[in-house]
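**Student:** Here is my input, please return the structure:
(one chain, ligands or ions: 1)
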Amino acid sequence: MQETRARVLDRIAAGPVGGPQIAEDLGISRAAVWKHVEALRAAGFEIDSAEAGYELISIPEFGGPAVEFGLDAPYEVEYHETIDSTNARARDLAVDGRANVVVLADAQTGGRGRLDRGWSSPSGGIWLSILSRPQVPPAQAPAYTLAAAVATTRAVREAGVDASIKWPNDVLVGDRKLAGILTEMEGEADRVSWLVVGIGINANVDAADLPTDRPVTTVREEVGDVDRRELTQSLLAAFHELTVDLQQVLPAWRKLSSTLGQRVRVETPGEEIVGDAVDVRFPGSLVVETAEGTREVTAGDCEHLRPADP
Ligand code: BT5
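**Tutor:** I've put the predicted structure just below:
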């Protein structure tokens, strides 16, 4: 949201406050205040103008201004009712030189998973991509994926969903997938140029509208519909807080992961590794004890095996 408009909104939220008072405090004209109020109303903020001045009655349920209002993280939020892919849009913004932008959508028509897989994104979900330019080497990018999984898991747990993380980036309830993360970046040998962390949460959607090739679930199925604005704000605040100091990520991830202690099969680009997942190491590799010794796996698809599986 434009900075002056955000300040007008903050004043009204702390109100009731008269237009002339806002104009004086912010050093703008009364006409400008009125224009900002009209724009806020058009964005869905219900603002009463009574004798005591402007009063904030309600905020929109979802959308860019709604998520930005009261957000405890330094992101601008660009909202789309429908978009092909928030990751694709965030990449375009990266090329334009932007940073600290969250692209958020109600629905995606071309949502993407890893390795060119598709990602179903019907209306009612939380589909978002966080564009940032962290001053770190590209090798540390996996820590952001783990941070996103932690932030997502914390946020959905606050909403009452019993979620945990399957290495590296799946948020599951039991063995059913609730959310996925797709991290993309561009960088040189020693520094990330831009990083896009895409997070898709099956929030207020029916599981019947999602693919059936793997077990899936939604917040709606688990606990009923959630306040998407609150969930998104909580997720973004947690992600920001974790990524300010990446050393916090692994301890937080270990606490929320269901992979550690499990027998796993990891499909890596070159081979299949089977063993016991014993730890995760910075910036995000999985340590697996196999029959041939200890392996550290940096990327791949992980499957939890039941003890009886070969
Ligand atoms: C992921 O890929 O889990 C990463 C998903 C990232 C999606 C977000 S939404 C916002 C942003 N914009 C984008 O375009 N993408 C990101 P992967 O681990 O490869 O899982 C993909 C597989 O999950 C598919 O092949 C399906 O089997 C399954 N799948 C597809 N849609 C799903 C959904 N909504 N919920 C659960 N599973 C799904």
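
**Student:** Return the distance of the closest residue to the ligand within the stretch 101-250 of the chain relative to I201.
**Tutor:** For the stretch 101-250 of the chain and the ligand, the shortest gap (Cβ to the nearest ligand atom) falls at G180, measuring 2.1 Å. C-beta coordinates here come from the backbone N, C-alpha and C atoms, glycine included. To I201, G180 is 9 Å away according to Cβ to Cβ, to the nearest Å.

**Student:** wait, what's in contact with the spatially most central residue of the chain?
**Tutor:** The centre of the chain sits closest to I199, judged by Cα atoms, centre = their mean, with a distance of 4.6 Å. For I199, the contacting residues are I126, W127, L128, S129, I130, A148, T152, A179, G180, I181, L235, by Cβ atoms under 8 Å, 6 or more residues apart in numbering.

**Student:** same thing but at 7 Å, please
**Tutor:** Shown in contact with I199 (Cβ atoms under 7 Å, 6 or more residues apart in numbering): L128, A148, T152, A179, I181.

**Student:** Go ahead and confirm the fourth one touches I201.
**Tutor:** Spelled out, it's A179. Yes: between A179 and I201 a contact is recorded at 4.3 Å, counting by Cβ atoms under 7 Å.

**Student:** Determine the residues that are contacts of both of the two.
**Tutor:** T152.

**Student:** Buried residues of the host helix or strand of the residue of the stretch 101-250 of the chain closest to the ligand, list them for me.
**Tutor:** Element membership for G180 (DSSP states H and E) is strand 176-187. Within strand 176-187, the residues that qualify as buried are R176, K177, L178, A179, G180, I181, L182, T183, E184, M185, G187, counting by 16 or more other Cβ atoms under 10 Å.

**Student:** I'd like the mean pLDDT over that strand, please.
**Tutor:** Here strand 176-187 scores 96 as its mean pLDDT.

**Student:** tell me which parts of the stretch 151-300 of the chain are close to the ligand?
**Tutor:** In this structure, the stretch 151-300 of the chain approaches the ligand at residues 177, 180-182, 198-200, 202, 210-211, 213-214, 216, judged by Cβ under 6 Å from any ligand atom.

**Student:** Using the record, which stretches count as separate domains in the protein?
**Tutor:** The record's domain parsing of the chain by automatic domain parsing lists 3-58, 64-256, 262-307.

**Student:** Give me whichever of those domains is most buried.
**Tutor:** domain 64-256 (a mean of 19; mean count of other Cβ atoms under 10 Å).

**Student:** wait, what's in contact with E303?
**Tutor:** E303 sits next to V264, R265 when contact means Cβ under 7 Å, 6+ apart.

**Student:** That one looks like it's in a strand, true?
**Tutor:** Yes: residue state for E303 (DSSP: H, G, I helix; E, B strand; the rest coil) corresponds to a strand.

**Student:** Okay, and the beta partners of it?
**Tutor:** Counting by DSSP bridges, E303 is bridged to R265.

**Student:** Helices along the chain, start to end?
**Tutor:** For the chain, the helices defined by DSSP state H cover 3-13, 19-26, 30-42, 64-68, 86-95, 141-158, 219-223, 228-244, 249-256.

**Student:** Tabulate the ones you listed (TSV), appending distance to E272 and mean pLDDT.
**Tutor:** Compiled in TSV, the helices of the chain are given as follows (distance: least, Cβ to Cβ, whole Å; pLDDT from 0 to 100):
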stretch	distance to E272	mean pLDDT
helix 3-13	51	94
helix 19-26	62	96
helix 30-42	55	96
helix 64-68	41	95
helix 86-95	28	98
helix 141-158	20	97
helix 219-223	32	98
helix 228-244	31	98
helix 249-256	24	97
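
**Student:** With distance to K166 as added columns, please give the ones you listed in JSON lines.
**Tutor:** Formatted as JSON lines, the helices of the chain follow (distance: least, Cβ to Cβ, whole Å):
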{"stretch": "helix 3-13", "distance to K166": "38"}
{"stretch": "helix 19-26", "distance to K166": "49"}
{"stretch": "helix 30-42", "distance to K166": "41"}
{"stretch": "helix 64-68", "distance to K166": "27"}
{"stretch": "helix 86-95", "distance to K166": "21"}
{"stretch": "helix 141-158", "distance to K166": "9"}
{"stretch": "helix 219-223", "distance to K166": "16"}
{"stretch": "helix 228-244", "distance to K166": "18"}
{"stretch": "helix 249-256", "distance to K166": "11"}
